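*Asks:* this one's structure only:
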């Protein structure tokens, strides 16, 4: 347990190092107008903080800089005292009911406000209702099934048949599927019973069975991840290089592993942080992730995250993801109401 003075010195070092990237010396702290300690006192406290693993000295004549453990102590204090941290200037105005548009705006805004990479995961497609189904002939023997959900997401599947598909059969199937499946959640168990009516003719039944996987199997494009501001990491706005940046960018580009990782955190409440080696994925051990989940009162649907160097502006990141997650929660609660 640190004393109040040690906590204050640690906070000063973290904030100063975050701003400048330069180790902080005892004299620089002692000369601050809000500090009444001599340089020797600060040096003694430095020694204690180093022994606890919260600070380190790059070389003998240098000042001190925070370690990952020092950042963790600092952000834990921020999270305990979150009420005093105001959100940065963020404007998120969602004027449509399409969740994809709201998430895209959130991603771009978070990236710019923090000058970091933003990752926002969309709700799983199976949580959305079927709004409209369209059958689009691509050739005499090939049909594309387009499913549009209530939140504006679109999935497409192509089906090829041995014989040409009758145009009248395709038109009938479009009307039949919209009547039977409209308003049904995409991943609902009831789809199978709704898909096959008892009075279907053998030709109709065979056609619906052939394209049924478009509705019965997990939809392609699930777990969509929106990414913004990756340029801030490549030319890191903080000037802080991120170890293993190529691996990190590769994982983000592939989407699947990062999305799975974010999904695993949907059970967490409030703002969560992973600093450097606290990250479960090896691609992220050189970075920090600050995130918060959003959803309805009954279900978490996705998460809002910023990713950057370990030396990042944590107060800004925490406040901004908390604010953005709250705004998205209000939005999706209205959409899913």
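*Replies:* Right, received. Where do you want to start? Since the structure is predicted, the reported quantities are computational estimates derived from the model, not experimental observations. Numbering: from 1, shown residues only.
*Asks:* neighbours of residue 318, just the number please.
*Replies:* Residues within reach of residue 318, counting by other CB atoms under 10 Å, total 24. C-beta here means a position set from N, CA and C on the backbone, and glycine is covered the same way.
*Asks:* From residue 325, how far off is it?
*Replies:* 11 Å (CB to CB, to the nearest Å).
*Asks:* Quick one: low-confidence residue ranges for the stretch 101-250 of the chain.
*Replies:* Along the stretch 101-250 of the chain, the model assigns pLDDT under 70 to residues 125-127, 151-152, 187-188, 217-223, 235-240.
*Asks:* switch to 80 and redo it
*Replies:* 124-128, 150-153, 185-189, 216-224, 234-241 (pLDDT under 80).
*Asks:* Would you map out the domains in the chain?
*Replies:* As assigned by automatic domain parsing, the chain contains the domains 4-66, 94-124+223-335, 126-216.
*Asks:* where along this protein do the strands fall?
*Replies:* 55-56, 65-66, 117-121, 130-139, 142-149, 154-160, 225-228, 271-275, 287-295, 300-309 (DSSP state E).
*Asks:* Could you identify which of the domains of the chain is most buried?
*Replies:* Ranked by mean neighbour count, the domains of the chain are led by domain 94-124+223-335 with a mean of 19 (mean count of other CB atoms under 10 Å).
*Asks:* so how far is that one from its chain's centroid?
*Replies:* Taking CA atoms, centre = their mean, to the nearest Å, one finds domain 94-124+223-335 lying 3 Å from the centre of the chain it belongs to.
*Asks:* so where do the helices sit in the stretch 51-200 of the chain?
*Replies:* 68-80, 99-114, 167-181, 190-195 (DSSP state H, counting those that start in this stretch).
*Asks:* Identify whichever of those lies nearest to residue 10.
*Replies:* Judged by CB to CB, the one of these that comes nearest to residue 10 is helix 68-80, at 6.1 Å.
*Asks:* What are the buried residues along the closest one?
*Replies:* 68-75, 78 (16 or more other CB atoms under 10 Å).
*Asks:* which of these lies closest to residue 285?
*Replies:* The shortest gap between residue 285 and any of these belongs to residue 68, at 9.8 Å (CB to CB).
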